[in-house]
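Undergrad: Build me a model:
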Amino acid sequence: MNKQKALLIIKPDGVQRGLCGAILKRFEQTGLTIIGFKFLQAPEQTIRDHYPSTDVWYGKVGQRTLTNYAKKGIDVKKQFGTEDPIEIGKTVKGWLVTFFQESPVLVAAVEGHEAIEIVRKLSGNTIPILAAAGTVRGDYSHDTIDLANAQFRPLRNIIHASDSVEDGEKEVHLWFKDDEIFSYKRADEELMFPPQR
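TA: Prediction:
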């Protein structure tokens, strides 16, 4: 079975609260291999390229806001000036670009069997109040969509984690040059994954 790559970004809210070591430790202790690691002030264009600029992505982000507002009886048009999910998604992306530049971010590329599923499970639901206890977002954030939108900012949900094999490959190559990615065996790899006899 081939190993998968995933990108983790500890966002400014995690960096500013001094949570980098505690968060990264969870992924490393699970058995994922850190194959790339850097601490940087994220370039604006890299952030823009990281999040899709498609109507599908904008619509998904906007629809999540519309659904959340409908459940709570909040007037989305009063907040955003529109009910168009694509326009709402574009606004949220603008907030993300600004947020990612509030401080440096910690970016890590990890690799392992079923890495995508593992990083998603450890990270927890992207909406912190829905994230289970024991996950990064469940333990370190309790932000809500309506609070974030009322303050004209994205959710402060501590971490980004690749959500598909394709995104993992694309994101790792966006944030890391080829010579910044390393291949090596962890000392516990043969114990965890014994060679076939």
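Undergrad: where do the helices sit along the protein?
TA: For the chain, the helices defined by DSSP state H occupy 12-16, 20-30, 44-50, 55-72, 76-80, 85-99, 115-123, 136-140, 145-150, 165-175, 189-192.
Undergrad: give the contact list for the residue minimising distance to the centre of the chain.
TA: The centre of the chain sits closest to H160, judged by Cα atoms, centre = their mean, with a distance of 1.2 Å. Applying Cβ atoms under 8 Å, 6 or more residues apart in numbering, we find H160 in contact with L7, L8, I9, K11, H50. To be clear about C-beta, it is placed using only N, CA and C from the backbone, and glycine gets the same treatment.
Undergrad: do you know how far L32 is from P194?
TA: Distance, L32 to P194, using Cβ to Cβ, to the nearest Å: 18 Å.
Undergrad: Those two - which one has more neighbours?
TA: L32 (27 against 8; other Cβ atoms under 10 Å).
Undergrad: count of residues packed around the closest residue to I86 other than its chain neighbours?
TA: Computed as Cβ to Cβ, 6 or more residues apart in numbering, the closest residue to I86 that is not its neighbour in sequence is Y58, at 4.4 Å. By the criterion of other Cβ under 10 Å, Y58 has 22 neighbours.
Undergrad: who's in contact with Y58?
TA: With Cβ under 8 Å, 6+ apart, Y58 has these contacts: P85, I86, E87, I88, G89, K90, K93.
Undergrad: follow-up on the earlier one: can I get the contacts of H160 in TSV with neighbour count, distance to A22 and pLDDT?
TA: What follows is these, written out as TSV (neighbours: other Cβ atoms under 10 Å; distance: Cβ to Cβ, whole Å; pLDDT from 0 to 100):
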residue	neighbour count	distance to A22	pLDDT
L7	24	19	98
L8	24	13	98
I9	22	16	98
K11	23	14	98
H50	19	24	97
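Undergrad: Between these, which sits nearest I23?
TA: L8 (8.1 Å; Cβ to Cβ).
Undergrad: Do I have it right that that closest one meets A161?
TA: Yes - the pair L8 / A161 is scored as a contact, 5.6 Å apart, by Cβ atoms under 8 Å.
Undergrad: who touches both of the two?
TA: V119, S123.
Undergrad: ok, and the closest non-adjacent residue to I181?
TA: Using Cβ to Cβ, 6+ apart, the nearest residue to I181 is G36, at 4.8 Å.
Undergrad: make that D163, sorry
TA: Using Cβ to Cβ, 6+ apart, the closest residue to D163 is R120 (6.2 Å).
Undergrad: which ones are touching F176?
TA: Counting by Cβ under 8 Å, 6+ apart, F176 touches G36, K38, V107, A109.
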